[in-house]
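[1] Build me a model:
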Amino acid sequence: MNTYVTASTIKRLREAKKMTQAQLAELLDVSDKTISKWETAKGFPDLSLMEPLSAALGVSVMELLSGDTVVNQNRSANLLRSKFYICPLCGNVIHATGEALVSCCGITLPPQEAEELDDAHSITVTSVEDEQFVTVSHPMNKLHHISFLAYVSPDKLQFTKLYPEGNAECRFRFQRGGYLYLYCNHHGLMRKKI
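    Now for the predicted structure:
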């Protein structure tokens, strides 16, 4: 692991909770000298204390280890600010309405940055009744395929998971302008304004 809980993080979180070193020590059943050592980088908490320490400080273990606390300020009400997180190990797709601290298969996932669609990933949209039939001209085999298609408008997310050996197609209802996303397992996340 490249990072471990830092002295400044423990001190900052303890002071934000208006706790003394002695009060935190009592919660964790350690001495106040132990807390002092952690906060001056003369020692580090044992791995077995990570969960109790994060609970006492009011953060998740991931927040404690990264040093970044996640504060919900409800700034991401508009789904057009959506972020997709894709696990490179299992292929899990996680959607968030803004920046998030996301972990899967033991690794912290960065948000995918969407590129504009290129010629190798051309999309055809055909109106069918009250929906749009979306097709992507792209190989669909186990080594190279489109993993998902999604349509995101300011207030709605429509998501279709695709599988190798299937067709890269689905139906969406385009409402209020938005973005059509696709994820290629070789080229990453791409989008097109609708």
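
[2] Can you dump the C-alpha atoms of the lengthiest strand in the chain in CSV for me?
    The single longest strand within the chain, with elements called by DSSP state E, is strand 146-153. Presented in CSV, the C-alpha positions along strand 146-153 are these (Å, rounded to 0.1, in the frame of the first residue of the first chain):
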residue,chain,number,x,y,z
ILE,A,146,-18.9,-2.4,-25.7
SER,A,147,-19.6,-3.0,-22.0
PHE,A,148,-22.5,-0.6,-21.5
LEU,A,149,-24.6,2.1,-23.1
ALA,A,150,-26.2,4.9,-21.0
TYR,A,151,-28.3,7.9,-21.6
VAL,A,152,-28.0,10.7,-19.0
SER,A,153,-30.4,13.7,-18.9
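
[3] ok now it, how far from the chain's centre?
    16 Å (CA atoms, centre = their mean, to the nearest Å).

[4] Let me see the mean pLDDT of it.
    Here strand 146-153 scores 94 as its mean pLDDT.

[5] Sticking with M50, tell me its helix or strand.
    Per DSSP states H and E, M50 falls inside helix 50-57.

[6] And for that helix, what's in contact with it?
    The contact list for helix 50-57, computed with CB atoms under 8 Å, 6 or more residues apart in numbering, reads 5, 10, 13-14, 17, 19, 24, 27-28, 45, 60-61, 63-65. Glycine gets a C-beta too; all of them are placed from N, C-alpha and C.

[7] Now with 7 Å, please.
    13-14, 17, 24, 27-28, 45, 60-61, 64 (CB atoms under 7 Å, 6 or more residues apart in numbering).

[8] Fine, thanks again, bye for now.
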